[in-house]
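A.B. asks: Build the 3D model from these lines:
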Amino acid sequence: MADTPVTIVHLVRASNGFGPFEAFISSFREFPPGTRNELVLAMKGFGPDDDVDQYRRRVADLDTEMRFVPDDGLDLTVYFSLALELARERYCFLNSFSRVQAPDWLAHLAAALDHPDVGLVGASGMWGSGHSYMHYRWWLPSPYRDVFPDRRNVWEQFRAIESDRTGAPPPSLLRRRVRIPFALRDVVRQTLWFPLFPAAHVRTNAFVIDASTLDRLRIPVVRNKFEAYRLESGRRSLTRQVQQLGLRAQLVDRQGRSYDVEDWARSATFWQGRQEGLLVADNQTDTYQNGSAARRSVLSRFAWASEAAPTDP
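C.D. replies: Numbers count the residues shown, from 1 in each chain. Modelled structure (predicted):
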């Protein structure tokens, strides 16, 4: 498989505007992939009134194909539906906020996937578990108990992150109490569908996989955020399904070094150190990179618990 061309599928969401697409294409031009590839732009949710020509002009000199898809489902649904249509041998899926960070980035990812016992390779991943965090919030035994001594600070940091993501004011503690029925629903969901820490999973913002492996996975339709979280980090996540096939899931850093699950915390690719190993950035890595020391500390400890090694901005 060493000379197998890689089909890059980059999601372009009409609702994001032109900015994230421009950021990706600029990074794509700055950092050569380093291996044979074709670029497919998954144009999601574009209507007759959207200016598609500006996107076409920006990639006019590249080997690029545009595929227009409806604004149904979430990123993973688009990826896997297009994979069925394209029928290529190897894919690299990149979400709408992805930005390349180093030259030969695709060659590094593809080289790791060339190993016969490797089935999934990502630019980032973590061990973090919402299930174990739920245990911590409800004063149950959890590995987070030893790394999060200040519960109020942790709650405040996650409130602020959610507020930054949605643009809505942080929910008050009173509102939190009013939402107790929803909290109980979340307890049931986490218990049934998500593993305890370490819940190792490759993040789906940037990953490579062969069609032969993808064909062996059970991929449900992803209609909402909860279903996307399940497929990324749940008990039947992509990572876990690949492992159940007897294959390894690895991360790769910007130097081309690959890491097995037990070594992911050392890769410095996600919510760790200065993320100096990061190969492909996105809005989640930005949340950490641009955050305060307090925010970095909380995110790093959520991702890696006792193996966390955050640094000041």
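A.B. asks: where along the stretch 1-150 of the chain do the helices fall?
C.D. replies: Assigned by DSSP state H, counting those that start in this stretch, the stretch 1-150 of the chain shows helices spanning 18-30, 53-58, 75-86, 105-113, 130-137.
A.B. asks: residues in contact with the longest one?
C.D. replies: Taking Cβ atoms under 8 Å, 6 or more residues apart in numbering as the criterion, the residues outside helix 18-30 that touch it are 10, 12-13, 39, 54-55, 58-59, 62, 94, 96-101. Placement of C-beta: from N, CA and C, glycine included.
A.B. asks: tell me the angle that helix makes with helix 105-113.
C.D. replies: For helix 18-30 against helix 105-113, the angle by axes from the mean of the first three to the mean of the last three Cα atoms, to 10 degrees is 70 degrees.
A.B. asks: tell me which residues in helix 18-30 are buried?
C.D. replies: Neighbour-count burial for helix 18-30 flags Pro20, Phe21, Ala23, Phe24, Ile25, Ser27, Phe28 (criterion: 16 or more other Cβ atoms under 10 Å).
A.B. asks: do the second one as well
C.D. replies: Along helix 53-58, these residues count as buried under the neighbour rule (16+ other Cβ under 10 Å): Tyr55, Arg58.
A.B. asks: Likewise for stretch 145-155?
C.D. replies: Val147, Phe148, Val154, Trp155.
A.B. asks: what's the closest residue in space to Gly119 that isn't next to it in sequence in contact with, if anything?
C.D. replies: In space, and not counting its chain neighbours, Gly119 is closest to Leu247: 3.0 Å by Cβ to Cβ, 6 or more residues apart in numbering. Residues near Leu247 by Cβ under 8 Å, 6+ apart: Asp117, Val118, Gly119, Leu120, Thr213.
A.B. asks: filter those to the buried ones?
C.D. replies: Buried among the contacts of Leu247 (16+ other Cβ under 10 Å): Val118, Gly119, Leu120, Thr213.
A.B. asks: In strands only, show me the residues you listed.
C.D. replies: If you go by DSSP state E, the buried ones among the contacts of Leu247 have Val118, Gly119, Leu120 in strands.
A.B. asks: how far is the helix ranked longest in the chain from where the chain is centred?
C.D. replies: In the chain, with assignment by DSSP state H, the single longest helix is helix 151-166. Here helix 151-166 is found 20 Å from its chain centre; the criterion is Cα atoms, centre = their mean, to the nearest Å.
A.B. asks: again, but for stretch 197-211
C.D. replies: Mean-position distance between stretch 197-211 and its chain equals 7 Å (Cα atoms, centre = their mean).
A.B. asks: Could you pull up the mean pLDDT of it?
C.D. replies: Per-residue pLDDT values across stretch 197-211 average out to 97.
A.B. asks: And stretch 214-224, by the same measure?
C.D. replies: Rounded mean pLDDT across stretch 214-224 is 85.
A.B. asks: export it as PDB, just CAs?
C.D. replies: Output of stretch 214-224 as PDB, limited to C-alpha atoms (Å, rounded to 0.1, in the frame of the first residue of the first chain):
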ATOM      1  CA  LEU A 214     -14.000   0.900   6.400                       C
ATOM      2  CA  ASP A 215     -16.100  -1.700   4.700                       C
ATOM      3  CA  ARG A 216     -15.800  -3.900   7.700                       C
ATOM      4  CA  LEU A 217     -17.200  -1.300  10.200                       C
ATOM      5  CA  ARG A 218     -20.800  -0.700  11.200                       C
ATOM      6  CA  ILE A 219     -21.400   2.900  10.500                       C
ATOM      7  CA  PRO A 220     -24.900   4.200  11.500                       C
ATOM      8  CA  VAL A 221     -26.400   7.400  10.200                       C
ATOM      9  CA  VAL A 222     -25.300  10.300  12.300                       C
ATOM     10  CA  ARG A 223     -28.200  12.700  12.800                       C
ATOM     11  CA  ASN A 224     -27.100  14.800  15.800                       C
END
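A.B. asks: ok, and what's touching that stretch?
C.D. replies: With Cβ under 8 Å, 6+ apart, stretch 214-224 has contacts from 73-77, 80, 83, 91, 227-228, 231, 236, 238, 241-242, 245.
A.B. asks: Apply 7 Å and report the result again.
C.D. replies: Stretch 214-224 is contacted by residues Gly73, Leu74, Leu76, Thr77, Phe80, Ala83, Glu227, Ala228, Leu231, Leu238, Gln241, Leu245 when judged by Cβ atoms under 7 Å, 6 or more residues apart in numbering.
A.B. asks: List buried residues within these.
C.D. replies: Taking 16+ other Cβ under 10 Å as the criterion, what is buried in the contacts of stretch 214-224 is Gly73, Leu74, Leu76, Thr77, Phe80, Ala83, Glu227, Ala228, Leu231, Leu238, Gln241.
A.B. asks: Find the residue closest to the fourth one in space, skipping its chain neighbours.
C.D. replies: Okay, so that is Thr77. Leaving aside its sequence neighbours, Thr77 sits nearest to Val222 (Cβ to Cβ, 6+ apart; 4.5 Å).
A.B. asks: try the third one
C.D. replies: The shortest distance from Leu76 to any residue other than its chain neighbours is 4.7 Å, reached at Val222 (Cβ to Cβ, 6+ apart).
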